[in-house]
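[1] all I have is the shape, not the residue letters:
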């Protein structure tokens, strides 16, 4: 009888695996809840993660969440997406992390794809009336982002100089290649200031596993080569968004000027009006602002004449391209983050990267406002949006919905 009981009892390892699997399922349900309700950008996302994932579920401590957020701010890509992906990685490894990023981005990507399809098949006059107030509101959001980024990262004369220089150069040279070069140059300039950083005692030697970095680089080069030789628009869209996702430091606010320069000014895949409409709408969506890429991808595929199925394909490859680099890079860096953060050069370079990011968003404010009719109403809406966001009592999606309602009524 004793022998039977021993045979029937599940092994301790099996129990542990089952518990881990159940915990992973609960975590994914929490991620889905956040993906459907996390409005307001990275700052609001962090507050909701703190409340649900730390205080309620205790997946990690508040200090660990803030440290992961700091790590993700170093990397190019969407900060909120990388943070929640890193939490999934720590809880269940790569498989849970991949499911995490998919569930997190799916609601916003779906909604922005539908927005792109809707605008594609509406009469231009209908679209113009519907989004007439959304466009200046979107500029107000960008102006507020520029202010908040500058407030957080501009603390030295060098930062001020880099921000001003970057904004002037980005305004003057509206080319896709210029903006990433400015970011890299800013980081290189402040790297030389590393001696002013406090010295930390190094406890462990740096050990790097290069597999995910090699995969990130292989996809970057492979997509560029494939797009050049095939000339297929879906492949080129994937490469365009993958490249932008690999070079965007500072989150969704910095993404806007990069995408505007490439897809509106340079390639003319969509009009300024359509771009601003989508930029305003994404502020009303839950989840990551990088879902804006799926909207652009859907509109870009119109020229192929492949109908709704082709536009959905464009939205999917755009979303995959914009989110994949950040995911691969967080997988690469999280393995040796504890050792890397001991190096002063890493911290010093961030000063320049952040200052240039602030300059790019400042330039974007003026670049996006110029195509709009210079009327008192538009100017008032930009200023009112900025002030309401500064007041910080009204959710951003309420402002956007109010603008849509006004477009319908008037």
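    Yes, it's here. Fair warning: this is a prediction, and the values are worked out from it, not measured in the lab. Residues are numbered from 1 along each chain as shown.
[2] which other helices and strands contact the longest helix belonging to the chain?
    The residue-count maximum for a helix in the chain (DSSP state H) belongs to helix 79-120. When contacts are defined as 3 or more C-beta pairs under 8 Å, 6 or more residues apart in numbering; DSSP states H and E, helix 79-120 packs onto helix 12-37, helix 41-49, helix 62-74, helix 272-282, helix 292-300, helix 307-333. Any C-beta I mention is one placed from the backbone N, CA and C, and that applies to glycine too.
[3] okay, buried residues for the strand or helix carrying residue 136 please.
    Element membership for residue 136 (DSSP states H and E) is helix 134-153. Using 16 or more other C-beta atoms under 10 Å as the test for burial, helix 134-153 gives 134-150, 153.
[4] can you list the domains in the chain?
    Split into domains by automatic domain parsing, the chain comes to 2-99, 106-409.
[5] give me the most central residue, the chain.
    Closest to where the C-alpha atoms of the chain average out (C-alpha atoms, centre = their mean) is residue 78, at 2.9 Å.
[6] surely it is in contact with residue 326?
    Yes: Residue 78 is within contact range of residue 326, at 5.7 Å (criterion: C-beta atoms under 8 Å).
[7] give me every residue that touches residue 75.
    By C-beta atoms under 8 Å, 6 or more residues apart in numbering, the contact list for residue 75 reads 82, 249, 326, 329, 330, 333.
[8] count the residues that sit near the last one.
    As a burial measure, the neighbour count of residue 333 was computed by other C-beta atoms under 10 Å and equals 19.
[9] the first one now?
    Using other C-beta under 10 Å, the number of residues around residue 82 comes to 29.
[10] skipping adjacent residues, who's closest to it in space?
    Nearest non-adjacent residue to residue 82, counting by C-beta to C-beta, 6 or more residues apart in numbering: residue 72, 3.8 Å away.
[11] ok, the one you found - contacts?
    Residue 72 makes contacts with 79, 82, 83, 86, 326, 330, as judged by C-beta under 8 Å, 6+ apart.
[12] just the closest of those residues to residue 37, please.
    Distance to residue 37, by C-beta to C-beta, is smallest for residue 83 among these, at 16.5 Å.
[13] surely the closest one and residue 53 touch.
    No: taking contacts as C-beta under 8 Å, residue 83 lies outside contact range of residue 53: 9.8 Å.
[14] show the end-to-end separation of stretch 53-63, please.
    12 Å (C-alpha to C-alpha, to the nearest Å).
[15] quick one: mean pLDDT for it?
    Averaged across stretch 53-63, the pLDDT comes to 82.
[16] ok, and what's touching that stretch?
    Here stretch 53-63 makes contact (C-beta under 8 Å, 6+ apart) with 26, 27, 30, 50, 65, 68, 87, 90, 91.
[17] next one: the fifth one from residue 59, what distance?
    Note on residue 65: its distance to residue 59, by C-beta to C-beta, to the nearest Å, is 9 Å.
[18] residue 160 now?
    Counting by C-beta to C-beta - residue 160 and residue 59 are separated by 40 Å.
[19] between the two, who's got more neighbours?
    A direct count of neighbours by other C-beta under 10 Å for residue 160 and residue 59 places residue 59 higher, at 19 against 15.
[20] which elements pack onto the helix or strand in which residue 407 is found?
    Following DSSP H and E, one finds residue 407 within helix 396-409. Packing partners of helix 396-409 (3+ C-beta pairs under 8 Å, 6+ apart): helix 124-130, helix 134-153, helix 272-282, helix 376-391.
[21] low pLDDT regions in the stretch 201-350 of the chain?
    For the stretch 201-350 of the chain, the stretches flagged by pLDDT under 70 are 201-204, 249-253, 338, 341-342.
[22] quick check: which of the domains of the chain is buried the most?
    Stretch with highest mean neighbour count among those: domain 106-409 (a mean of 19; mean count of other C-beta atoms under 10 Å).
[23] thinking again about what came up before, can you tell me what sits against the helix holding residue 407?
    Counting by C-beta under 8 Å, 6+ apart, 39-41, 129-134, 137, 141, 280-281, 283-285, 381, 385, 388-389 sit against helix 396-409.
[24] kindly report the same for stretch 167-182.
    With contacts defined as C-beta under 8 Å, 6+ apart, stretch 167-182 is touched by 166, 243-244, 247, 257-258, 261-262, 265-266, 356, 359-360, 362-364, 366-367.
[25] tell me where the stretch 151-300 of the chain has strands.
    With DSSP state E, counting those that start in this stretch as the definition, the stretch 151-300 of the chain shows no strands.
[26] any chance of the helices and strands packed on helix 79-120 in CSV, plus distance to residue 230?
    Formatted as CSV, the helices and strands packed on helix 79-120 follow (distance: least, C-beta to C-beta, whole Å):
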stretch, distance to residue 230
helix 12-37, 33
helix 41-49, 36
helix 62-74, 33
helix 272-282, 27
helix 292-300, 16
helix 307-333, 13
